[in-house]
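Peer 1: Have a look at this fold, sequence not included:
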């Protein structure tokens, strides 16, 4: 007999509602009445389906039953959601938009890893803002929500497919920013590594969302695991390989990661210094070219002046010679 989670519906739906409202704040500023009605209908359908899935199990609820509960047709359900699985996995569009915004052309000039961590921090703020300042902080309801996905093969498969699509979007976004082919190995492996941070995030949320955990405790623990994973990606997998080969525990892994991170900072500093030296060399060379060109022009001008003066002297000598000949001719005695 399936566990009945009906008592937890209000908490779960309030949480989903709070997350959606936070994500839609910027959108609603320019949102028209028609768009708002569509958004609210989509939200109603997803929340209703979620509550039914939690109560009876995903496989035991039909789309026609969801449509009846929402007082809409089955066709309307599929107008808003392409598949039954997307009724509960309804964040893909928001995640895809965040990836394009932070990794694609026009994004902030920070590393893709740092940009992805910032997105996940924002998502954590959205997720845990529902409990801040409240006396009731039962974080275990997140575990129950995720358990629904974990115990349902169709939902697990759909989630894997969703992450694959997001990885491709990340590869295309970074490739467009770098001016390379998105099917090249570099954007592909980088995209899979970055999307892996979302997997770490989801697993950590489930791992730490126990009955006794508060929102701040869960958030801190989740952020710590995300940042540890991000450091490993940012510094390279060689640090993990060292720890595996040495097999000397988690502390060695932390030390190796920190050493790798310091080495990376030194490399970045060296690159910056080399780049600065290159720019200075270019400026010096440019200045030298200008000086040599000015010197050449001055030399040519001086030579031209000298040639002009020489020509004038020769001209005067010719004129004087002609004058002398004319005078001699006039003074010649006549017979």
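Peer 2: Right, received. Where do you want to start? Since this is a predicted model, take the numbers as computed values, not measurements.

Peer 1: So for stretch 59-78, mean pLDDT?
Peer 2: On average, the pLDDT along stretch 59-78 is 92.

Peer 1: Go through it and flag the buried ones.
Peer 2: By neighbour count on 16 or more other C-beta atoms under 10 Å, the buried set for stretch 59-78 is 61, 66, 67, 70, 72, 77. For every residue, glycine as well, the C-beta is placed using N, CA and C.

Peer 1: what's the answer for stretch 159-176, then?
Peer 2: Quick answer for stretch 159-176 (16+ other C-beta under 10 Å): 159, 162-163, 166-176.

Peer 1: Show me the residues you listed that map onto helices.
Peer 2: 159, 162-163, 166-176 (DSSP state H).

Peer 1: Helix or strand next in line after whatever helix or strand residue 156 lives in, which one?
Peer 2: Residue 156 is located in helix 153-178, with elements delineated by DSSP states H and E. Counting by DSSP H and E, the next helix or strand C-terminal to helix 153-178 is helix 185-208.

Peer 1: could you say what helices and strands that next one packs with?
Peer 2: helix 112-128, helix 140-150, helix 153-178, helix 215-235 (3 or more C-beta pairs under 8 Å, 6 or more residues apart in numbering; DSSP states H and E).

Peer 1: what mean pLDDT would you report for the second one?
Peer 2: This points to helix 140-150. 77.

Peer 1: Taking their axis directions, that helix and helix 215-235 sit at what angle?
Peer 2: 50 degrees (axes from the mean of the first three to the mean of the last three C-alpha atoms, to 10 degrees).

Peer 1: rewinding a little: so which of the helices and strands packed on helix 185-208 comes closest to residue 206?
Peer 2: Proximity to residue 206 (C-beta to C-beta) singles out helix 140-150 among these, at 4.8 Å.

Peer 1: so residue 103 makes contact with residue 118?
Peer 2: No: counting by C-beta atoms under 8 Å, residue 103 sits too far from residue 118 to count as a contact (11.1 Å).

Peer 1: how close does the residue nearest to residue 49 when sequence neighbours are not counted sit to residue 106?
Peer 2: Nearest residue to residue 49, sequence neighbours excluded (C-beta to C-beta, 6 or more residues apart in numbering): residue 87, at 4.0 Å. Per C-beta to C-beta, to the nearest Å, residue 87 is found 33 Å from residue 106.

Peer 1: Settle it for me: which of these two has more neighbours?
Peer 2: Under the criterion of other C-beta atoms under 10 Å, the comparison of residue 87 against residue 106 puts residue 87 first, with 25 against 9.

Peer 1: so what's that one up against?
Peer 2: Residues in contact with residue 87, defined by C-beta atoms under 8 Å, 6 or more residues apart in numbering, are 45, 46, 49, 50, 53, 66, 77, 81.

Peer 1: Buried subset of those, written for PyMOL?
Peer 2: The command below creates a PyMOL selection of those among the contacts of residue 87 that count as buried (16+ other C-beta under 10 Å):
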select buried, resi 45+46+49+50+53+66+77+81
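
Peer 1: Which of the contacts of residue 87 fall within helices?
Peer 2: Using DSSP H, the contacts of residue 87 in helices are 45, 46, 49, 50, 53, 66, 77.

Peer 1: Considering those residues, which is situated nearest to residue 310?
Peer 2: residue 46 (95.5 Å).

Peer 1: mind checking which helix or strand the spatially closest residue to that closest one that is not a sequence neighbour is in?
Peer 2: The spatially closest residue to residue 46, leaving aside those adjacent along the chain, is residue 90, at 4.9 Å (C-beta to C-beta, 6+ apart). Using DSSP H and E, no element contains residue 90; it sits outside every helix and strand.

Peer 1: my read: residue 145 touches residue 54, true?
Peer 2: Yes: using C-beta under 8 Å, residue 145 makes contact with residue 54 at a distance of 7.5 Å.

Peer 1: Settle it for me: which of the two has more neighbours?
Peer 2: A count of neighbours by other C-beta under 10 Å puts residue 54 above the other of residue 145 and residue 54, at 25 against 22.

Peer 1: can you tell me how far that one sits from residue 40?
Peer 2: For residue 54 relative to residue 40 (C-beta to C-beta), the value is 21 Å.

Peer 1: and what of residue 91?
Peer 2: 17 Å.

Peer 1: got the angle between the longest helix anywhere in the chain and helix 215-235?
Peer 2: Longest helix in the chain, counting residues (DSSP H): helix 250-331. Here helix 250-331 runs at an angle of 50 degrees relative to helix 215-235 (the same axes, to 10 degrees).
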